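In: build the 3D model from these lines:
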Amino acid sequence: MPLDELKKDVCSAVDDMRAELLALSHAIHDEPELALEEFKAAERLTNAVESHGIKVQREAFGLKTGYVAEFGKASGPTIAILSEYDALPGIGHACGHNIIATSGFGAAIALSKLNARLPGRVRYLGTPAEERYGGKEIMAREGAFEKCDAAMMIHPSNENLVTMPCIAISEVEAIYHGRTAHASAMPYRGLNALDAVVTAYQSIAQLRQHIKNTDRIHGIITEGGLAPNIVPERAACRFYVRAADAHELAPLKARVQACFEAGALATGCRLEVHWGDTDYLDLKTNWPMAEMYESNAVKLAREFFPVANLPPGYAGSTDMGNVSHRVPSIHPMLGVAPPGVIIHNPEFTRHAASEKGDQAVIDGAKSMAMTALDLMCDPRKLAAAKNDFDATAELSRAAIARSREPMRARHDHSHGGCGCAR
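Out: Predicted structure coming up:
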């Protein structure tokens, strides 16, 4: 059957599901859940998949809120389509994951409606915990992307972009243990854990003057004591450390580690440093796939902003980067908000359930379904995607290995008067 006819049919299938898709998107939006706590969203999505006669494996690949459904011809290419559905603390779906979830669902189900005409296989994955913990990396280690020929998802934004500029990131928490005392009567008996955090924070602030313009370090103090007249015996902070890629991230992490150790040395407090189990890698966009996606989205009246014209330093991070270093992948952006409204902003939360947000669900589902068909039906297009990926496959293997390297203190000896950093 001609490719154009298959594309027409999947687009019609998405249109037929419009009411279901938008109701699902709004339901997820109205009850935001944090990373690894997306039980309602996962239940809604898996129930919806089953309602279309497709078997779903819940609690898939090591995550209680993860899932997988697979269907189609084993003899054809296997394309992974992803949904994520966690929200942000305090501001809900200000990253629009309700749109990501339902556009992925819509693309997968639309392809399933081709039945025996589907020329390949779809692996539809529910991937929790993108905002924290790196859910896709956890699932990847459990085999979620094995034998996949390509992977894709869309992300809402304030512009249509063929890719999301993404850099590598590592999360770290530093906890200082001091000694309590009366802050007025006997301060000399205390060891001030909050002073240790402030020293580390200031050290990192000074470090920022001497890092590359592609690097980012930002964080918050999460614990600072109980009362002004009690010397804080425990204080903590959490930081995100970002660099262009895994190879530039590693030495920057070591410099941040030194700042944490400085806080312990200066105050005599004991230091615990907990780096994330894995780093989020930079996004390795597969450009042949991106061009296919853009061609399909343009047919839906989407006009794309040139990535080259984005402001310098405009970049975020995503665990889709970890997927992109394993299989050919794309992560395009769909505009749902005015240009001045950026993600991770309370105003963006409103746009994620707006009319433009709803249209992104529909356009995203159609564009991904059509791009999956391009890869399934045309061996030359699939070969182009694989060749593009293979050109830097060795660098990707090294990046994946480096993302798993544990981060340790630079010294084994004691820091200060009451402990050590390990």
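
In: let me know the pLDDT of the spatially most central residue of the chain.
Out: In the chain, the residue lying closest to the centroid (Cα atoms, centre = their mean) is Thr318, at 3.0 Å. Looking at Thr318, its pLDDT is 95.

In: excluding its backbone neighbours, what's nearest it?
Out: Cys166 (5.5 Å; Cβ to Cβ, 6 or more residues apart in numbering). Placement of C-beta: from N, CA and C, glycine included.

In: if I look at the residue nearest to the centre of the chain, how far off is Cys377?
Out: Per Cβ to Cβ, to the nearest Å, Thr318 is found 28 Å from Cys377.

In: with Val341 instead?
Out: Counting by Cβ to Cβ, the gap from Val341 to Cys377 is 38 Å.

In: equivalent analysis for Ala290, please.
Out: 18 Å.

In: tell me which of those two has more neighbours.
Out: Ala290 (23 against 18; other Cβ atoms under 10 Å).

In: ok, for the more buried one, nearest residue in space, not its chain neighbours?
Out: Val162 (4.6 Å).

In: please apply the same query to Leu3.
Out: Cys377 (4.8 Å).

In: next, that neighbour: phi, psi?
Out: Main-chain dihedrals, Cys377, degrees, to the nearest 10: phi -90, psi -30.

In: show the pLDDT at it.
Out: Reported pLDDT for Cys377: 97.

In: pretty sure it is touching Leu6, no?
Out: Yes. Using Cβ atoms under 8 Å, Cys377 makes contact with Leu6 at a distance of 7.1 Å.

In: what about the helices in the stretch 151-300 of the chain?
Out: 193-207, 246-267, 287-298 (DSSP state H, counting those that start in this stretch).

In: which among these is found nearest to Ala23?
Out: helix 287-298 (23.7 Å; Cβ to Cβ).

In: just the helices from the stretch 301-422 of the chain, written as ranges.
Out: 320-324, 346-351, 355-377, 379-390, 393-403.

In: most packed of these?
Out: helix 320-324 (a mean of 28; mean count of other Cβ atoms under 10 Å).

In: which residues sit against that one?
Out: 80, 82, 130, 134, 136-137, 140, 145, 151, 153, 166, 168, 278, 280-286, 329, 331, 400, 403 (Cβ atoms under 8 Å, 6 or more residues apart in numbering).

In: distance check, the spatially most distant residue from the centre of the chain against Lys356.
Out: Distance from the centre of the chain peaks at Ala185, with 49.1 Å (Cα atoms, centre = their mean). Going from Ala185 to Lys356 by Cβ to Cβ gives 61 Å.

In: can you check Ala401 too?
Out: Using Cβ to Cβ, Ala401 is found at 41 Å from Lys356.

In: strands along the protein, start to end?
Out: Counting by DSSP state E, the chain has strands at residues 57-58, 67-72, 78-83, 121-126, 150-152, 155-157, 168-177, 216-223, 234-243, 270-275, 329-330, 333-335.

In: need the contact list for Leu82.
Out: 100, 104, 125, 127, 136, 151-153, 320, 323.

In: I'd say Ala150 and Ile79 touch.
Out: Yes. With contact defined as Cβ under 8 Å, Ala150 reaches Ile79; the gap is 5.2 Å.

In: got any residues that touch both of the two?
Out: Any residue near both Ala150 and Ile79 by Cβ under 8 Å, 6+ apart counts here, and that gives 372, 375.

In: for stretch 104-116, which positions count as buried?
Out: By neighbour count on 16 or more other Cβ atoms under 10 Å, the buried set for stretch 104-116 is 104-114.

In: turn those into a markdown table, columns for distance to Leu207 and pLDDT.
Out: Formatted as a markdown table, those follow (distance: Cβ to Cβ, whole Å; pLDDT from 0 to 100):
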| residue | distance to Leu207 | pLDDT |
| --- | --- | --- |
| Gly104 | 39 | 98 |
| Phe105 | 43 | 98 |
| Gly106 | 45 | 98 |
| Ala107 | 43 | 98 |
| Ala108 | 44 | 98 |
| Ile109 | 48 | 98 |
| Ala110 | 49 | 98 |
| Leu111 | 48 | 98 |
| Ser112 | 51 | 98 |
| Lys113 | 54 | 98 |
| Leu114 | 54 | 98 |
